[in-house]
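Visitor: Structure for the following, please:
(one chain, ligands or ions: 1)
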Amino acid sequence: MSPRLAAAALPLPPPTAAAAARGVAVPRPRTVLPWASVAFSSPSSCRGALACLVRLRCSCHSAAAGAAVEEARRGRKQLGMTPPLYDYLLSNVREHPVLRELREETAAMRGSQMQVSPAQAQLLAMLVQIQGAQRCIEVGVFTGYSSLAVALALPESGRLVACERDERCLEVAKKYYQRAGVAHKVRVGGLIVMDNVLWYGRVADPLVDDQKTISIRNFNKKVLEDMRVDISMVSFSLQLYYFWYLVHCLCVHYLQALRESLKCLAYQYSIPAAFVNNDIF
Ligand SMILES: C[S@@+](CC[C@H](N)C(=O)[O-])C[C@H]1O[C@@H](n2cnc3c(N)ncnc32)[C@H](O)[C@@H]1O
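Guide: Here you go, the predicted structure:
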């Protein structure tokens, strides 16, 4: 197992926390979210650590985004793409027959413009292969086109955690996971482990009001008040202030914290920024 993956599979208290406990000056800590790492064991042969696929951009549309949606509805899936060029691009994509069936079924559904294009899905699949990813998480599955492309690209031992709040969309997705023979690789919903939720004790210190501490306080409050998810905040070491939340949930409703954590995760695991940039995925 690579050192990076080992860190994901069994997160340990950061050395900085131990230093803090000994009264040594602590460098700025990083929030690390070892996604689903406790849910799956990882084979020792895997090369890559983790790939995160986030595509949650349907909630607030600007006028420009509205225009883009209109374009997509008319069949041009990307700005500046003419229909003939889009058709040409499409004819150069190797699309799995089940992906094609799914795309055709989704085309008749409300919100179909949200689906990634075959070319985009092919890119995601290639990123999974380049990364040698064993574990992926997708937040925002819709009817499953991108997640199916990712699941197909994952090795047999690979696992994808797929989060989607719309049950009807999930039903479509699950049907196609089955049809493509990858259902065993996909886990719908998941277990999210969030560390540093007490932020070295700063969340309880009324004198601390920096942005990171405030956002962790807000995150904790939101999780506590959201009765849709099961939570457990546990301490592995009182002295180290190393606390965890285990959040069982079908959907992820903590977008802000999620984005922040993904950026830190990218840093921790050297995942290219594009992987976690919400503007791209
Ligand atoms: C842009 S679509 C995803 C498209 C999908 N990747 C595909 O290739 O077809 C965004 C999806 O995110 C879902 N979503 C939005 N907010 C969510 C949340 N907080 N938790 C889970 N799913 C969410 C929406 O229901 C929607 O289906």
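Visitor: Just the pLDDT for the closest residue to the ligand within the chain.
Guide: The chain approaches the ligand most closely through Gly140 (2.7 Å), counting by Cβ to the nearest ligand atom. C-beta coordinates here come from the backbone N, C-alpha and C atoms, glycine included. Looking at Gly140, its pLDDT is 84.
Visitor: neighbours around Gln134, how many?
Guide: 23 (other Cβ atoms under 10 Å).
Visitor: how near is it to Arg100?
Guide: 27 Å (Cβ to Cβ, to the nearest Å).
Visitor: mind saving the C-alpha coords of stretch 214-221 as PDB?
Guide: What follows is stretch 214-221, C-alpha atoms only, in PDB (Å, rounded to 0.1, in the frame of the first residue of the first chain):
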ATOM      1  CA  ILE A 214     -16.200  29.700  12.500                       C
ATOM      2  CA  SER A 215     -16.900  27.500   9.500                       C
ATOM      3  CA  ILE A 216     -16.200  24.400  11.600                       C
ATOM      4  CA  ARG A 217     -18.500  25.600  14.300                       C
ATOM      5  CA  ASN A 218     -21.200  26.200  11.600                       C
ATOM      6  CA  PHE A 219     -20.600  22.800  10.200                       C
ATOM      7  CA  ASN A 220     -21.000  21.100  13.600                       C
ATOM      8  CA  LYS A 221     -24.200  23.000  14.300                       C
END
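Visitor: So which bits of it are buried?
Guide: Across stretch 214-221, burial judged by 16 or more other Cβ atoms under 10 Å covers Ile216, Arg217, Phe219, Asn220.
Visitor: From these, which land in helices?
Guide: Of the buried residues of stretch 214-221, the ones assigned to helices by DSSP state H are Ile216, Arg217, Phe219, Asn220.
Visitor: From the residues you listed, pick the one nearest Glu95.
Guide: Phe219 (39.0 Å; Cβ to Cβ).
Visitor: Hmm, the closest one is touching Trp199, no?
Guide: No. The pair Phe219 / Trp199 is not scored as a contact, 10.1 Å apart, by Cβ atoms under 8 Å.
Visitor: What segments of the stretch 51-200 of the chain are helices?
Guide: Remark: helices assigned in the stretch 51-200 of the chain by DSSP state H, counting those that start in this stretch are 63-73, 83-91, 97-107, 118-131, 145-153, 167-179.
Visitor: and these, which one's lowest on average pLDDT?
Guide: Looking at the helices of the stretch 51-200 of the chain, the bottom one is helix 63-73 with a mean of 50.
Visitor: Wondering if stretch 161-171 reaches the ligand at all.
Guide: Yes. Using Cβ under 6 Å from any ligand atom, stretch 161-171 reaches the ligand at Cys163, Glu164, Arg165, Asp166, Cys169.
Visitor: circling back to that earlier point, distance to Leu224 and mean neighbour count for the helices of the stretch 51-200 of the chain - can I get that in JSON lines?
Guide: Output for the helices of the stretch 51-200 of the chain, formatted as JSON lines (distance: least, Cβ to Cβ, whole Å; neighbours: other Cβ atoms under 10 Å):
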{"stretch": "helix 63-73", "distance to Leu224": "33", "mean neighbour count": "12"}
{"stretch": "helix 83-91", "distance to Leu224": "47", "mean neighbour count": "12"}
{"stretch": "helix 97-107", "distance to Leu224": "36", "mean neighbour count": "16"}
{"stretch": "helix 118-131", "distance to Leu224": "34", "mean neighbour count": "19"}
{"stretch": "helix 145-153", "distance to Leu224": "30", "mean neighbour count": "26"}
{"stretch": "helix 167-179", "distance to Leu224": "25", "mean neighbour count": "17"}
